[in-house]
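Student: Need a 3D model of the following:
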Amino acid sequence: MNIIGRQAEREQLERIYSSKGSKFVAVYGRRRVGKTYLIKEHFKERLAFWHTGLSPYDHDKKFLLRDQLQAFYYSLQDYGLQEASCPKSWLEAFRLLEKLLMQKDDGSRQVVFIDELPWLDTARSRFIPAFEHFWNGWAARRDNVVLIVCGSATSWMEDNLINNKGGLYNRLTHEIKLSPFSLADCEQFFKAKQINMSRYEIAQVYMVFGGIPHYLELFEKGLSTPQNIDRILFNKNAKLRNEFDRLFGSLFKNTEDHIAVVRLLAKRRQGYTRQEIIQETGIQQGGNVTHILKGLIESDFIAKYIPFDEKRRERYRLIDPYCLYYLNFIDKQSRTDSQYWEKNYNSPRLNAWRGYAFEELCFSQVDKIKRKLGIAAVSTSESSWVVRADGKQQMQIDMLINRADNVINLCEIKFYSAPFTIDKQYDAVLRERVQLLIEKVPKKKTVHLTFIATFGLKANEYSGQVQSVVSLDDLF
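Tutor: The predicted structure is shown next:
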């Protein structure tokens, strides 16, 4: 199957390859997002060397350094290194890589790809000094080396490469953050696999798995969406049944604290403040919680935002679809029904989840919503708004788009299997919400009622106050 999407990233990689001088490129992003596949498929036979670090998950830490060096040595041999013994340190290992590249050098570009670089940096391995020496002392002085490194541990990539204050300070020539597939990419992906799926179904798949290519790859042709979800998540030997623990175990060293924060954020859609996170998890205040939150943000698991009408009181919320679904439906259950989705497809619990999950999907597709509204170039901020009175929740507005052109879009978000109909009772609720917002915002602001609904809005006597409508098709 050809590479789906990633056009901008491929064009950037090709510009780097065609430029002059040695280049140092960092490609990072959430685990399973397709970093390895992109580099491998784009360069193919142009790779002069490719190595992937061993995952530390479930690996005996006592022998991890030895095994990492042994695996690196095997990769060197696979690419033609001869008459050399297994290195005993990373300095020796990179010296052997230099030797291999000099042997193969014919004056053309040499693409060196080291995948899952953070996994190589094991305790007391002195990997970073050796890697610095390889780039600064040898590769950077050549005129034909393209060094590409990938890492799912985004916080490690940020700390040790992108924001390095030591020997690799300002050495990166390019950085590429790979994001999950868009809805349009998912549609193209399923078409390439000859899996027939409506956009209504694709949206639900996205609400469970996000746009993570590795997860989508598990779908089988000929099965319905509920059958596929059951097979991937709920069956006895489901491929992603234990993905949650493996995901965090392969990304972070203090896994328990990261998971504790994620579990907490899954409990409240509006998220928690930093102080609430410290109080609820027991994680000590200071650099540790800052590092944990930073790492989760950089890996696209959580987001930081300022709720409307709360001035600068920052909150953190869980945004990763797989984690949200796993923690709500699978976590801590010793047994689950192997046909859960098929049996509960129209259950109240799944229908309620669809409503919440579609709201999260819309927040992830704000650029498409803005494009439909004709405000793609306008600076905006987005958040939900919980209105409280006497300490109790009075009402919740799904999304507010606060625009620099003095308009606020009050967005009602509905996941329905048909065009949504506003009745007399709901019309009164909407008018109350609009009026409440008008009273809260500066007089220079105009409030536009906007509907985001899977199949749009049915025109009737109550739909006139709606200024704009965004459908599911507009999100593709």
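
Student: Only C-alpha atoms from now on, for both contacts and neighbour counts.
Tutor: Fine.

Student: same question for stretch 94-110, mean pLDDT?
Tutor: For stretch 94-110, mean pLDDT rounds to 96.

Student: Contacts for that stretch, please.
Tutor: With contact meaning Cα atoms under 8 Å, 6 or more residues apart in numbering, stretch 94-110 is reached by 17, 46-48, 76, 79-81, 84, 130-131, 134, 138, 144-146.

Student: Narrow these to just the buried residues.
Tutor: 17, 47, 48, 76, 79, 81, 130, 131, 134, 144, 145, 146 (16 or more other Cα atoms under 10 Å).

Student: Going by distance to residue 263, which of the residues you listed wins?
Tutor: Lowest distance from residue 263 to the buried ones among the contacts of stretch 94-110 (Cα to Cα) belongs to residue 131, with 35.8 Å.

Student: if you look at the contacts of stretch 94-110, which of them are in helices?
Tutor: Among the contacts of stretch 94-110, the members found in helices (DSSP state H) are 17, 76, 130, 131, 134.

Student: Okay, strands next: where are they in the stretch 51-200 of the chain?
Tutor: 110-115, 145-151, 174-177 (DSSP state E, counting those that start in this stretch).

Student: Please point out which parts of the last one sit buried.
Tutor: To tie it back to what came earlier, the one meant is strand 174-177. Buried-residue list, strand 174-177, by 16+ other Cα under 10 Å: residue 177.

Student: what's the answer for stretch 264-275, then?
Tutor: 264, 265, 266, 270, 271, 272, 273, 274.

Student: Same check on stretch 89-101?
Tutor: 89, 90, 91, 93, 94, 95, 96, 97, 99, 100, 101.

Student: got it, and stretch 117-125?
Tutor: For stretch 117-125, a neighbour-count test (16+ other Cα under 10 Å) marks 117, 118, 119, 120, 121, 125 as buried.

Student: And for stretch 98-117?
Tutor: Neighbour-count burial for stretch 98-117, counted by 16+ other Cα under 10 Å, picks out 99, 100, 101, 109, 110, 111, 112, 113, 114, 115, 116, 117.

Student: One more: stretch 140-153?
Tutor: Those would be 140, 144, 145, 146, 147, 148, 149, 150, 151, 152, 153, for stretch 140-153 by 16+ other Cα under 10 Å.

Student: The last one contacts residue 253, correct?
Tutor: By that I understand residue 153. No - the pair residue 153 / residue 253 is not scored as a contact, 9.7 Å apart, by Cα atoms under 8 Å.

Student: So the closest residue to residue 134 other than its chain neighbours versus residue 119, what's the distance?
Tutor: Ranked by Cα to Cα, 6 or more residues apart in numbering and with sequence neighbours excluded, the top spatial neighbour of residue 134 is residue 94, at 6.2 Å. Distance, residue 94 to residue 119, using Cα to Cα, to the nearest Å: 16 Å.

Student: ok, residue 181 - contacts?
Tutor: Here residue 181 is in contact with 5, 210, 211, 212, 213 (Cα under 8 Å, 6+ apart).

Student: again, 6 Å this time
Tutor: residue 211 (Cα atoms under 6 Å, 6 or more residues apart in numbering).

Student: Would you mind measuring from it to residue 239?
Tutor: 20 Å.

Student: got the domain boundaries for the protein?
Tutor: For the chain, automatic domain parsing gives the domain ranges 7-177, 183-241+330-356, 244-329, 372-475.

Student: Reformat these as CSV; add distance to residue 362.
Tutor: As requested, the domains of the chain are arranged in CSV below (distance: least, Cα to Cα, whole Å):
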stretch, distance to residue 362
domain 7-177, 20
domain 183-241+330-356, 10
domain 244-329, 11
domain 372-475, 8
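
Student: mean pLDDT for these: which is lowest?
Tutor: Among those, domain 244-329 scores lowest, at a mean of 89.

Student: helix or strand for residue 239, which one?
Tutor: Assigned by DSSP states H and E, residue 239 belongs to no helix or strand.

Student: and residue 20, that one's in a helix?
Tutor: No - with DSSP: H, G, I helix; E, B strand; the rest coil as the criterion, residue 20 is coil rather than part of a helix.

Student: quick one on the thing from earlier: out of the contacts of stretch 94-110, who's nearest residue 419?
Tutor: residue 17 (49.1 Å).

Student: any idea how far residue 427 is from residue 420?
Tutor: 12 Å.

Student: cool, and residue 366?
Tutor: 25 Å.

Student: Tell me the bridge partners for the nearest residue to residue 308 once chain neighbours are set aside.
Tutor: If the residues on either side of it in the chain are set aside, residue 308 comes closest to residue 385, at 5.7 Å by Cα to Cα, 6+ apart. Beta bridges link residue 385 to residue 397 when assigned by DSSP bridges.

Student: so how many other residues sit close to residue 385?
Tutor: Neighbour count for residue 385, taken as other Cα atoms under 10 Å: 19.

Student: All further residue positions should be reported with the first residue as 37.
Tutor: Sure, I'll start numbering at 37, so the last one becomes residue 421.

Student: That one against residue 431, yeah?
Tutor: No - applying Cα atoms under 6 Å, one finds residue 421 not in contact with residue 431, separated by 8.4 Å.

Student: quick one: the spatially most central residue of the chain from residue 66, how far?
Tutor: The chain has residue 336 as the residue nearest its centroid, 4.2 Å off, counting by Cα atoms, centre = their mean. Look at residue 336 and residue 66: by Cα to Cα, they are 6 Å apart.

Student: Same check on residue 144?
Tutor: 32 Å.

Student: Please apply the same query to residue 249.
Tutor: From residue 249 over to residue 66 (counting by Cα to Cα), the distance is 11 Å.

Student: to the chain's geometric centre, what's the distance from the stretch of helix or strand residue 379 belongs to?
Tutor: Assessed by DSSP H and E, residue 379 sits inside helix 376-380. With Cα atoms, centre = their mean, to the nearest Å as the basis, helix 376-380 stands 27 Å off its chain's centre.

Student: Leaving out chain neighbours, which residue sits closest to residue 264?
Tutor: Per Cα to Cα, 6+ apart, closest to residue 264 is residue 255, 5.9 Å.
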